[in-house]
Every structure is written in C-alpha cells, then in structure tokens.
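Asker: Generate coordinates for the sequence data below:
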Amino acid sequence: MPLKASASYSSGVEGGGEREILVQHLLVKEDDQKLLLDIQKRVAAGEDLSDLAVDHSICPSKDEGGMLGWVRKGQMVVSVGMDHWLILNCSLLYSTLPRCGYGTGTRYGYWYGVPEFEEAAFGAPLNKVVRCKTKFGWHLLQVLSEREESVLQDIKPDELHVKFQDPNFSEEAQLIDVREPEEVEIASLPGFTVLPLRQFGSWGPEVNTKFDPQKDTYVLCHHGVRSLQVARWLQSQGFRKVYNISGGIHAYAVQVDPSVPTY
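Answerer: The predicted structure is shown next:
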C-alpha cells in the first residue's frame with residue numbers, strides 16, 4: 001500500500017489558510033525491531049534520514065530518499081494493492097507522476113487513512129526525527145519545512161480571456177499546456193509552454209528550475225482533467241498559486257473564442 005496525500009477537489013479554491021509540511025520518512029516492518037533501533041542510533045549519530053531511507057525503507061518512496069512532498073492535514077492515505085503497499089502524498093495519485101512511487105500500469109485496490117502517521121507528522125518539531133507505528137510497520141519521519149498552505153483554483157475560460165486582455169499577463173504569469181504535440185498542432189493558445197504529460201519523466205525533475213514557484217501558474221489541457229492532475233502535482237512541488245483552466249481548451253473555444261479549432 002502506498003501512503004499518499006489525498007486531495008479532494010471541486011471547482012473553486014483548494015487549499016489556503018492552513019499549514020503545509022514537507023515530510024520525508026523511512027518505513028520498516030513491525031517485527032524488524034533490531035533494524036529500527038539500529039537506524040534510530042544512526043540518525044542520533046548524525047546520519048541523514050534520506051540516505052538511510054534509500055538503503056532500508058520498504059516504502060517505494062525510498063527511491064526519492066523517502067520524500068513525500070508538501071502535505072496538508074487530511075491528505076495522507078495508504079493505497080493497498082494485491083501484494084504491496086506504498087506511502088504517498090495524495091496530490092500525487094497518478095501513474096504518470098512517478099514521484100508517487102507509481103509505475104506505468106500499476107494497479108492499486110483500496111485506500112485507507114493513516115491518522116497515526118498524520119498526527120505524528122503534524123505534531124513533530126521541525127527537523128526532528130520522530131517515530132510512529134501504524135498497522136503497516138514502524139515509521140521514522142522528519143518534517144523538513146513548513147509553510148502557509150498553497151492554493152489550487154479553477155479558472156473559467158471567460159476569466160482567462162479577460163486576463164489575456166492585459167498585455168502584461170503572459171509575462172507575469174506562467175502558462176503551461178500539458179497536451180501532446182499533435183493536439184497543440186490542431187489548437188493552441190498564445191503564450192503557453194508545452195509540457196506534454198506523456199513526457200513528464202523528462203521535464204518533471206527540472207520544473208522548479210525552469211519555472212518560478214512564487215508566480216501564478218496556469219495549466220491547460222483538452223478538457224481540464226490532465227491539467228488538474230499536473231496542477232495538483234505542481235502544488236505539491238511548492239508552487240504557491242496554481243490555476244486549472246476549467247474545461248480546457250475545448251471549453252475556451254466553445255465559450256469564448258470560436259476561432260480556436262475544436263477536436
């Protein structure tokens with residue numbers, strides 16, 4: 001099962017006003033007390049939890065040094081599959097976003113909340129490694145940073161059109177189109193950087209160096225589904241204000257600008 005952050009979403013604003021924490025963790029089996037105690041001693045001696053997670057954690061997040069990303073209260077869940085589990089941030093539920101520990105074609109069954117993990121994480125002092133137990137084993141977790149909760153918000157096509165009338169909009173905002181190149185050839189909007197979702201593996205690791213997390217970021221796709229997926233992921237990566245264009249370029253063409261082709 002994966003531990004993830006589960007984020008419910010509806011039109012309007014998601015997030016804002018609460019605390020988010022940046023969490024990494026390491027997980028061992030419940031009966032592996034000897035390993036747990038050894039790891040705790042090594043942490044106390046100054047070894048880095050992320051390095052120990054790579055070597056010893058049984059959670060697939062070990063490949064990221066146990067990093068779960070930015071999470072909010074109510075987001076942490078565990079995904080239970082036929083023969084595995086995984087601790088994840090639910091902003092990262094999608095198989096195309098490999099940071100969650102998902103692989104292409106992976107199938108998961110049921111999702112369960114993990115209140116013990118969440119309580120320990122949100123009660124932990126900054127940078128202190130703390131221990132907690134869940135039904136999946138023993139966790140050593142560390143809160144690396146905290147911040148005011150970021151915002152993910154729907155924006156309607158007509159609202160986007162109004163913003164386009166401001167000549168400075170395209171320079172002040174970050175516009176990302178996650179459709180595939182063949183779709184963009186059919187229809188596009190000015191100013192958008194094309195980052196195809198299928199090529200996430202190539203651009204995902206560099207997104208924080210190519211874009212400014214402090215700037216307003218707008219995400220576009222065909223109908224607003226893929227863009228929401230990426231918008232949530234951007235939010236988990238530290239982007240402060242992310243806007244999902246509701247209904248995508250199709251809604252923009254139908255409701256605002258009929259000169260934009262539909263497909």
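Asker: who's in contact with residue 19?
Answerer: In this structure, residue 19 makes contact with 72, 73, 122, 146, 147, 148, 149, judged by C-beta atoms under 8 Å, 6 or more residues apart in numbering. Every C-beta, even on glycine, is put in place using the N, C-alpha and C of the backbone.
Asker: Can you tell me which of those has the most neighbours?
Answerer: Within the contacts of residue 19, residue 72 tops the neighbour count with 23 neighbours, counted by other C-beta atoms under 10 Å.
Asker: If we ignore the residues flanking it in sequence, what's nearest it?
Answerer: Sequence neighbours aside, residue 20 is the residue nearest to residue 72 in space, at 5.2 Å (criterion: C-beta to C-beta, 6 or more residues apart in numbering).
Asker: what bridges to that neighbour?
Answerer: Residues in a beta bridge with residue 20, per DSSP bridges, are residue 147.
Asker: re the thing from before, what's the closest of the contacts of residue 19 to residue 226?
Answerer: Closest to residue 226 out of the contacts of residue 19 is residue 72 (22.6 Å), distances taken as C-beta to C-beta.
Asker: From residue 217, how far off is that closest one?
Answerer: According to C-beta to C-beta, to the nearest Å, residue 72 and residue 217 sit 18 Å apart.
Asker: what does residue 146 give?
Answerer: Between residue 146 and residue 217 the distance is 21 Å, computed by C-beta to C-beta.
Asker: those helices in this protein, which residues are they?
Answerer: Using DSSP state H, the helices of the chain run over 33-44, 49-56, 115-123, 157-164, 169-172, 181-186, 200-203, 207-210, 225-236, 248-255.
Asker: how does the chain divide up, domain by domain?
Answerer: 3-148, 152-255 (automatic domain parsing).
Asker: just so I know, which of those domains lies nearest residue 262?
Answerer: That would be, of these and by C-beta to C-beta, domain 152-255, which comes in at 5.0 Å.
Asker: Tell me where the model's unsure across the chain.
Answerer: 1-17, 77-113 (pLDDT under 70).
Asker: how close does the residue most central in space within it get to residue 226?
Answerer: Nearest to the geometric centre of the chain sits residue 233, at 3.2 Å (C-alpha atoms, centre = their mean). Using C-beta to C-beta, residue 233 is found at 11 Å from residue 226.
Asker: one step back: any chance of the domains of the chain in a markdown table, plus distance to residue 262?
Answerer: Below are the domains of the chain laid out as a markdown table (distance: least, C-beta to C-beta, whole Å):
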| stretch | distance to residue 262 |
| --- | --- |
| domain 3-148 | 22 |
| domain 152-255 | 5 |
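Asker: just to revisit the earlier point, how many other residues sit next to the residue nearest to residue 72?
Answerer: The burial count for residue 20: 22, using other C-beta under 10 Å.
Asker: Show the contacting residues for it.
Answerer: 70, 71, 72, 146, 147, 148, 149, 150.
Asker: How many residues are close by the second one?
Answerer: Using other C-beta under 10 Å, residue 71 is surrounded by 28 other residues.
Asker: Assess the claim that residue 195 and residue 203 are in contact.
Answerer: Yes: Residue 195 lies in contact with residue 203 (C-beta atoms under 8 Å); the separation is 5.0 Å.
Asker: surely residue 212 meets residue 174?
Answerer: Yes: using C-beta under 8 Å as the test, residue 212 is close enough to residue 174 to be in contact (6.8 Å).
Asker: so residue 178 sits right up against residue 199, yeah?
Answerer: No: contact criterion C-beta under 8 Å: residue 178 and residue 199 do not qualify, at 9.5 Å.
Asker: more neighbours, the two?
Answerer: residue 178 (27 against 14).
Asker: Distance to residue 142 added to the helices of the chain, as JSON lines?
Answerer: Shown next, in JSON lines, are the helices of the chain (distance: least, C-beta to C-beta, whole Å):
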{"stretch": "helix 33-44", "distance to residue 142": "9"}
{"stretch": "helix 49-56", "distance to residue 142": "5"}
{"stretch": "helix 115-123", "distance to residue 142": "9"}
{"stretch": "helix 157-164", "distance to residue 142": "40"}
{"stretch": "helix 169-172", "distance to residue 142": "36"}
{"stretch": "helix 181-186", "distance to residue 142": "41"}
{"stretch": "helix 200-203", "distance to residue 142": "27"}
{"stretch": "helix 207-210", "distance to residue 142": "20"}
{"stretch": "helix 225-236", "distance to residue 142": "17"}
{"stretch": "helix 248-255", "distance to residue 142": "39"}
